[in-house]
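Novice: no sequence on this one, just coordinates:
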């Protein structure tokens, strides 16, 4: 432990903050993520007085939406710095993020997860499959989307939506609510 502290003191700070003014056209996405993210952070602080806690539930998806959610937490997008945290328990969540068409065996689990959340709470569907079943809507084992089971407050369209689109959709929803 003392060795780690000694090295930290000797080396100092080895990271540098992002200077948005020096970003060129090749880094336009970096700039967009920063500006949208900082606006999102202000709204989250204003509405929740802390971070927005999200519980994500996969109700039978192909995994593409989950990959994009994971990408929003990577070092490039890092949505945690903007005040969005994913939690393991619905009892700690403000929002329920649902991906995939709701299979019949997941409908009850989804409803129980929603019921376990404290008030106020809202549901976000991510991807076309979650809202109305997508390409699986006519399958015999699908409940035809989350909107038939829970009240959906926000939908992020796409198959799958990109991380920046997820951030933009959350910002747009929180602005209007």
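Specialist: Done, it's in. Computed from a predicted structure; not experimentally measured. Residues are numbered from 1 along each chain as shown.
Novice: Could you work out the end-to-end span of stretch 47-64 for me?
Specialist: 30 Å (C-alpha to C-alpha, to the nearest Å).
Novice: Excluding sequence neighbours, find me the nearest residue to residue 151.
Specialist: Counting by C-beta to C-beta, 6 or more residues apart in numbering, residue 151 lies nearest to residue 123, which is 6.3 Å off, once chain neighbours are set aside. C-beta: built from backbone N, CA, C; applies to glycine.
Novice: same thing with residue 117?
Specialist: Spatial nearest neighbour of residue 117, excluding adjacent residues (C-beta to C-beta, 6+ apart): residue 90 at 4.7 Å.
Novice: Pretty sure that neighbour sits against residue 123.
Specialist: No - using C-beta atoms under 8 Å, residue 90 is not in contact with residue 123, being 11.5 Å away.
Novice: joint contacts of these two?
Specialist: Any residue near both residue 90 and residue 123 by C-beta atoms under 8 Å, 6 or more residues apart in numbering counts here, and that gives 96, 114.
Novice: Who has more neighbours out of these two?
Specialist: Using other C-beta atoms under 10 Å as the criterion, residue 90 and residue 123 rank with residue 123 on top: 22 against 18.
Novice: ok, and what's touching the longest strand along the chain?
Specialist: When the chain is parsed with DSSP state E, its longest strand is strand 52-58. The contact list for strand 52-58, computed with C-beta under 8 Å, 6+ apart, reads 44, 65-66, 69, 83-90, 92-100, 106, 109-110, 113, 117, 124, 174.
Novice: List the buried residues for the helix or strand following that strand?
Specialist: Going down the chain from strand 52-58, the next helix or strand is helix 64-72, by DSSP states H and E. Neighbour counts over helix 64-72 (16 or more other C-beta atoms under 10 Å) mark 64-66, 68-69, 71-72 as buried.
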